[in-house]
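Novice: Fold the following.
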Amino acid sequence: MTPINSLVSDLELDKEMIDCLKNRSLEQKFLYLDDGANFYYQAYNKPTTPLPVDFSTEDYYDLVAGQFKKKQRFALVSLGCGDASSEKVMLKRLKKEGYNFTYFGVDSSRQMLDLAVNNLAELKIDNQFLCADLVSEDFRDEIEQLTDDFDCRGFLFLGGTISNVNQTNIIDSLYSILKKNDLLFLDIRIRNSLDNSEDLQLFNFYAKYLSDKKMAQWLISPLRNVGIDPSCGKLSLEMVKEKSIGAILFKFFFLFNKKFVIRLRNEVIHFLPEERVELLHIRAYYPDNLTSFFKEHDFKLVQSKTNKEIRDGFFVYQKIS
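Specialist: Predicted coordinates:
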């Protein structure tokens, strides 16, 4: 079985979780630790979740394969790869058609990477897996060293993962990770317009998560794992506009209705009524504003494809400096 190189220790994760709880906002990765990875895929395969994009179709495949030449030796780095199901068929086809590449699956959840290793084993492609925080200096140094002798590099950011993290942090991190002429393949949920009625439709769509038992189980799992009783509060959702990137931000949070106290390692954390812990951020982007945002950080748009019916956008950016 392919080994997983971990750049994150359990002690570091524990300390980070404590800091997140103190700041009342969890980072995305804590949703996928322990049973969270399995809970996620159980919840995702439900009618209430967005339609998955089929990257094996000709249009999507060409957007990726068309950026590379078969004589090139290239690295495909999947950021937040999860179980790698999004790119599996595409990777199989790239190998079948004779492309010379190595796949690097990167995720902050060891549990997700275990699923990815098993999922891709049958393809018998050159691959490596890294358990790492995407915005860390350790990851930046490691991926630079691992991919230094490749002719070119492409970074996959699929499944709307980029929408779950702080936008200014991730764009500056991407700028530092990618070199000049590197490619970024971005799959996101889009807004078809800037109209308020469009945003309300999206809000109503995501509000269904609150009543979906499997989705709720997944969202609350990080709190349950540290000993917080779900009966001491409820899941809630709010919508916020982020005009600088033309996005609507949907915040899922746990709102306490009674006092609750937990102890983690040597830390005691008090939660009071009406306090909340943010659990998950999801964004939908207006494409023109998003491209302007990337342009301001020295990324140019190479190609794009949007599907208004399922509100999905696939964008190919290239770093120009």
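Novice: in the protein, which helix or strand is least confident?
Specialist: Among the helices and strands of the chain, helix 36-44 carries the lowest confidence by mean pLDDT, DSSP states H and E, at a mean of 89.
Novice: The following helix or strand past that helix - contacts with which helices or strands?
Specialist: Toward the C-terminus, helix 36-44 is succeeded by helix 58-65 as the next helix or strand (DSSP states H and E). Packed against helix 58-65 by the contact rule (3 or more CB pairs under 8 Å, 6 or more residues apart in numbering; DSSP states H and E) you find helix 85-96, strand 299-307, strand 312-319. Every C-beta, even on glycine, is put in place using the N, C-alpha and C of the backbone.
Novice: average pLDDT across the first one?
Specialist: The pLDDT scores in helix 85-96 average 94.
Novice: And for Arg146, the neighbour number?
Specialist: Quick fix: residue 146 reads Leu, not Arg. Taking other CB atoms under 10 Å as the neighbour definition, Leu146 ends up with a count of 16.
Novice: In contact with it, which residues?
Specialist: Residues touching Leu146, when contacts are defined by CB atoms under 8 Å, 6 or more residues apart in numbering, comprise 75, 104, 128.
Novice: Format those as TSV; extra columns: neighbour count and distance to Leu279.
Specialist: Compiled in TSV, the contacts of Leu146 are given as follows (neighbours: other CB atoms under 10 Å; distance: CB to CB, whole Å):
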residue	neighbour count	distance to Leu279
Ala75	22	33
Phe104	23	28
Gln128	18	31
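Novice: ok, those vs Leu156, which is closest?
Specialist: Using CB to CB, Phe104 is the member of the contacts of Leu146 that sits closest to Leu156, with 9.6 Å.
Novice: Surely the closest one forms part of a helix?
Specialist: No - membership of Phe104 in a helix is not supported by DSSP: H, G, I helix; E, B strand; the rest coil, which gives strand.
Novice: can you pull out the helices in this protein?
Specialist: With DSSP state H applied, the chain shows helices at 10-23, 36-44, 58-65, 85-96, 110-120, 137-146, 167-177, 196-207, 213-225, 287-295, listed in chain order.
Novice: Can you lay out the ones you listed as JSON lines showing distance to Gly160?
Specialist: Output for these, formatted as JSON lines (distance: least, CB to CB, whole Å):
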{"stretch": "helix 10-23", "distance to Gly160": "21"}
{"stretch": "helix 36-44", "distance to Gly160": "11"}
{"stretch": "helix 58-65", "distance to Gly160": "15"}
{"stretch": "helix 85-96", "distance to Gly160": "10"}
{"stretch": "helix 110-120", "distance to Gly160": "15"}
{"stretch": "helix 137-146", "distance to Gly160": "20"}
{"stretch": "helix 167-177", "distance to Gly160": "13"}
{"stretch": "helix 196-207", "distance to Gly160": "12"}
{"stretch": "helix 213-225", "distance to Gly160": "15"}
{"stretch": "helix 287-295", "distance to Gly160": "12"}
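Novice: where among the ones you listed is the average confidence lowest?
Specialist: Taking the mean pLDDT of each of the helices of the chain, the lowest value is held by helix 36-44, a mean of 89.
Novice: Check which helices and strands that one is in contact with.
Specialist: When contacts are defined as 3+ CB pairs under 8 Å, 6+ apart, helix 36-44 sits against helix 110-120, helix 213-225.
Novice: With Asn196 as the reference, name the closest of those helices.
Specialist: Each of the helices and strands packed on helix 36-44 was scored for nearness to Asn196 using CB to CB, and the closest is helix 213-225 (25.4 Å).
Novice: how about the closest one: buried residues?
Specialist: 214-223 (16 or more other CB atoms under 10 Å).
Novice: And the residue nearest the centre of this structure?
Specialist: Among the residues of the chain, the one closest to the centroid is Thr161, at 2.2 Å (CA atoms, centre = their mean).
Novice: returning to what we had before: pick the one among the buried residues of helix 213-225 closest to Ser25.
Specialist: The shortest approach to Ser25 among the buried residues of helix 213-225 belongs to Pro222, at 11.5 Å (CB to CB).
Novice: Could you give the number of residues near the residue lying closest to that closest one once chain neighbours are set aside?
Specialist: Taking CB to CB, 6 or more residues apart in numbering as the measure, Pro222 lies nearest to Phe30, with 4.3 Å between them; neighbours along the chain are not counted. Residue crowding around Phe30 was assessed by other CB under 10 Å; the count is 23.
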